[in-house]
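Participant: Got a sequence here, can you build the structure:
(one chain, ligands or ions: 1)
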Amino acid sequence: MAEEFLNLEHLFKYFGNVTAVDDISVQIGKGELVSFIGPSGCGKTTLLRTIGGFHRQDAGDIVLDGQNVDHLPPERRSTGMVFQNYALFPHMTVYRNVEYGLKIQKLSKSEREERIQQALSQVQLENYDNRKPSELSGGQQQRVAIARCLVLQPKVLLLDEPLSNLDAKLRMTMREEIRRLKDELNLTVIFVTHDQEEALSISDRIIVLNEGVIQQLGNPDEIYNHPVNPFVANFVGQSNILEGITEEEGPKTLFKNDALEFEITDNNSQQRDNKRKIMIRPERIIINEDSAIQGNVSKVVYNGNVIRYFVDLNGTEILVDQFNIDSSRHYHKGDHIGLEMPKDPHFL
Ligand SMILES: Nc1ncnc2c1ncn2[C@@H]1O[C@H](COP(=O)(O)OP(=O)(O)OP(=O)(O)O)[C@@H](O)[C@H]1O
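Facilitator: I've put the predicted structure just below:
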């Protein structure tokens, strides 16, 4: 992480008896893109709006670039908020929409014009000045909403589900755009999304929230491959969580339960023979007819170029991904299938 730039210190926010933000502390670096993810109602938007000054926290402090901003209204916080529905003024041109927030700043007409053109160029919307929002595509409207924030030169850009109204292809393009902007301007960005894959692809770090509490804060690799608890493992991506014991058998260490038994390289000897939980991502399981672990396909699901098999092993359902491009054989419900487990499952 770059030097601390935005510090959230023991933040709490209550709505009646609901604790929407429950003792959140985090330091965000300058130029970092941090996503908030978590199930509906976990407090993502409340936390974002509290940072932006649209809610006042019940306890805790927000320090931005060395300044405590708790007492400042949204327009004086140097935070720019982009809303899910863009909130553009429909009767105003692109130029006027971008100019709007600048009017309260004491700038000459030429300074204003320069700033507006710069912001429109940053979002690659030069020459759209005279269009009305209704004459723009969803992606272009989104860019105007971002330009309207950038023109104010915020220290932090707050994006609340900014891509959820766009189709899948445009979402991908806009993800790259947001990364590009962040890199070019060394912008600090906080990004709220429902889409875990989006968070994994766009973020420097991700905060996984549940019931107002941070479950894990880490980079995408840490969140995906080393979740700290079953909640994170289940919430982010697909996973198999298995309970069992580890046992020595000659020179080998085995993971065992009623459904399966396989060799692992486990160096945590203190926990031998105790009940343990492991997580295995479906793409790490290899389909191998010769494997000792055998079961029957209970369901087949097609998802993009991935075929997903649910395999019943003595009553435990295991999820396996097979990528079309590599697949020499497709299986059907009821087929017998052999599975090879990775030797280094993640222990939870
Ligand atoms: N203005 C409000 N008044 C009362 N309760 C609220 C208000 N805003 C949010 N809440 C409650 O606070 C909790 C967190 O809500 P929040 O909108 O922050 O969740 P979220 O993670 O953004 O959800 P979603 O993904 O559905 O947008 C929820 O229990 C919600 O019902």
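
Participant: residues in the stretch 51-200 of the chain within reach of the ligand, list them.
Facilitator: His194 (C-beta under 6 Å from any ligand atom). Every C-beta, even on glycine, is put in place using the N, C-alpha and C of the backbone.

Participant: three-state assignment of whichever residue of the stretch 51-200 of the chain sits closest to the ligand?
Facilitator: Scanning the stretch 51-200 of the chain for the residue nearest the ligand gives His194, at 5.9 Å (criterion: C-beta to the nearest ligand atom). Of the three states, His194 takes coil according to DSSP: H, G, I helix; E, B strand; the rest coil.

Participant: Can you give me every residue that contacts it?
Facilitator: 37, 40, 161, 164 (C-beta atoms under 8 Å, 6 or more residues apart in numbering).

Participant: Pull the number of nearby residues for the last one.
Facilitator: In this case it means Ser164. A count of nearby residues for Ser164, using other C-beta atoms under 10 Å, gives 14.

Participant: Can you pull the phi/psi pair for it?
Facilitator: phi -70, psi -20 (degrees, to the nearest 10).

Participant: Test my guess that it contacts Gln84.
Facilitator: Yes - counting by C-beta atoms under 8 Å, Ser164 does reach Gln84; the two are 6.0 Å apart.

Participant: So which residues of the protein form helices?
Facilitator: Secondary structure of the chain by DSSP state H: the helices cover 44-52, 94-99, 109-122, 138-150, 168-185, 196-202, 220-225, 230-235.

Participant: now the ones you listed in JSON lines, with mean pLDDT and mean neighbour count?
Facilitator: Below are the helices of the chain laid out as JSON lines (pLDDT from 0 to 100; neighbours: other C-beta atoms under 10 Å):
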{"stretch": "helix 44-52", "mean pLDDT": "96", "mean neighbour count": "23"}
{"stretch": "helix 94-99", "mean pLDDT": "94", "mean neighbour count": "22"}
{"stretch": "helix 109-122", "mean pLDDT": "91", "mean neighbour count": "15"}
{"stretch": "helix 138-150", "mean pLDDT": "90", "mean neighbour count": "22"}
{"stretch": "helix 168-185", "mean pLDDT": "88", "mean neighbour count": "15"}
{"stretch": "helix 196-202", "mean pLDDT": "93", "mean neighbour count": "19"}
{"stretch": "helix 220-225", "mean pLDDT": "96", "mean neighbour count": "17"}
{"stretch": "helix 230-235", "mean pLDDT": "94", "mean neighbour count": "19"}
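
Participant: Redo the ones you listed as a markdown table? Include distance to Gln67.
Facilitator: Shown next, in a markdown table, are the helices of the chain (distance: least, C-beta to C-beta, whole Å):
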| stretch | distance to Gln67 |
| --- | --- |
| helix 44-52 | 13 |
| helix 94-99 | 26 |
| helix 109-122 | 23 |
| helix 138-150 | 19 |
| helix 168-185 | 20 |
| helix 196-202 | 28 |
| helix 220-225 | 30 |
| helix 230-235 | 33 |
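
Participant: Out of those helices, which is closest to Glu263?
Facilitator: helix 220-225 (20.3 Å; C-beta to C-beta).

Participant: same for the closest one, what does it pack against?
Facilitator: Applying 3 or more C-beta pairs under 8 Å, 6 or more residues apart in numbering; DSSP states H and E, one finds that helix 220-225 contacts helix 196-202, strand 205-210.

Participant: Would you mind pulling the contact partners of the first one?
Facilitator: Applying C-beta under 8 Å, 6+ apart, the contact partners of helix 196-202 are 33, 35, 37, 163, 171, 175, 178-179, 191, 193, 206, 220, 223-224, 235-237.

Participant: Swap in 6 Å and give it another go.
Facilitator: 35, 37, 175, 193, 206, 220, 236 (C-beta atoms under 6 Å, 6 or more residues apart in numbering).

Participant: before we move on, what about the shortest one?
Facilitator: Residues from elsewhere that reach strand 205-210, judged by C-beta under 6 Å, 6+ apart: 34-38, 42-43, 199, 214-217, 219, 223, 231-232.
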